[in-house]
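Asks: give me a model of this one.
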Amino acid sequence: MNCIKVAIVDDHEKVADSLRFVLSNDKAFEVVLIAKHGKDLLDQMESTKPDIIIMDIRMPVMDGIEASKIIQKKYPFTKIIAYSFFDNEKNIIEMNKAGVKSFVGKGSPVSEIFKAIRIVCGGGVYFPNDIADVLQKFLAKSEEEETILLSDTEKLLLEALSKGWTSKQIAEVIHKSPRTIDEYRIALYEKFGVESKEELLVKASKLGNI
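Replies: Residues are numbered from 1 along each chain as shown. As a prediction, this is how the structure comes out:
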């Protein structure tokens, strides 16, 4: 099994070194990049090509929000985990819009970091309860309550996405091609009026669909 290649982006050297030490003790992970800010990350991306980026939010030169937007456009298959003190709701919402796949608070148990990386790398999302509450409140302010009716196939797809299943895994269960599953998923985004899997799962949970 190939190692999960991880990038760590944090302007605090002690934090970055601590994360590198923890991850390096597990043979499943390989830390391939350490960056002090978003620009430093982008300068190293092409030569290292990490699978997962553990991204701080508040950093000099280029913060995590701006860096995440660029990464999602230039390296769409690279997944981002926000790693910060989440004391600013706007930062949480902006990082989610930028395409982050998970949020882990600084000071969380080491096991939570490992859990988040594995879930995100497997195609799932990881939102601690306090982060999910912030996103749900944001959606509640901007959208009216509504009822969305789903077909049996759509219900199955939504349930599978909430479990972090890949398109290939879902395709094997409902006997469709992975490309067809991706088309179904995009159709679900349109039905729920969202732009990402994270927003879909948050809104579907809020409306009682999952």
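Asks: low-confidence stretches in the protein?
Replies: 1, 87-88, 138-147 (pLDDT under 70).
Asks: how is it partitioned into domains?
Replies: As recorded under automatic domain parsing, the domains making up the chain are 4-138, 144-206.
Asks: OK, contacts around Ser68?
Replies: The neighbours of Ser68, taking CB atoms under 8 Å, 6 or more residues apart in numbering as the test, are Met55, Ile80, Ala82, Met95, Ala98, Gly99, Val100. The way it works is simple: take the backbone N, C-alpha and C, and place the C-beta from them, glycine included.
Asks: if we use 10 Å, what do you get?
Replies: Taking CB atoms under 10 Å, 6 or more residues apart in numbering as the definition of contact, the neighbours of Ser68 are 9, 38, 41, 53, 55, 57, 80, 82, 94-100.
Asks: again with Ala160
Replies: Taking CB under 10 Å, 6+ apart as the definition of contact, the neighbours of Ala160 are Thr166, Ser167, Gln169, Ile170, Val173, Ile174, Ile181, Arg185.
Asks: same check, this time on Val6
Replies: For Val6, the residues meeting the contact criterion (CB under 10 Å, 6+ apart) are 19-20, 23-24, 28-34, 48, 50-54, 81, 117, 121.
Asks: the helices in the chain, which residues?
Replies: Counting by DSSP state H, one finds helices in the chain at the ranges 13-24, 38-48, 64-74, 89-97, 110-121, 129-142, 152-162, 167-174, 178-192, 197-206.
Asks: I'd like to know which of the ones you listed lies nearest to Ile4.
Replies: helix 110-121 (5.3 Å; CB to CB).
Asks: how about the CA coordinates for the closest one, as CSV?
Replies: Output of helix 110-121 as CSV, limited to C-alpha atoms (Å, rounded to 0.1, in the frame of the first residue of the first chain):
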residue,chain,number,x,y,z
VAL,A,110,-3.5,13.2,17.7
SER,A,111,-6.0,10.5,17.0
GLU,A,112,-8.3,13.1,15.5
ILE,A,113,-5.7,14.2,13.0
PHE,A,114,-5.0,10.6,11.9
LYS,A,115,-8.8,10.0,11.6
ALA,A,116,-9.4,13.1,9.5
ILE,A,117,-6.5,12.3,7.1
ARG,A,118,-7.7,8.8,6.5
ILE,A,119,-11.4,9.8,6.0
VAL,A,120,-10.5,12.7,3.7
CYS,A,121,-8.0,10.6,1.7
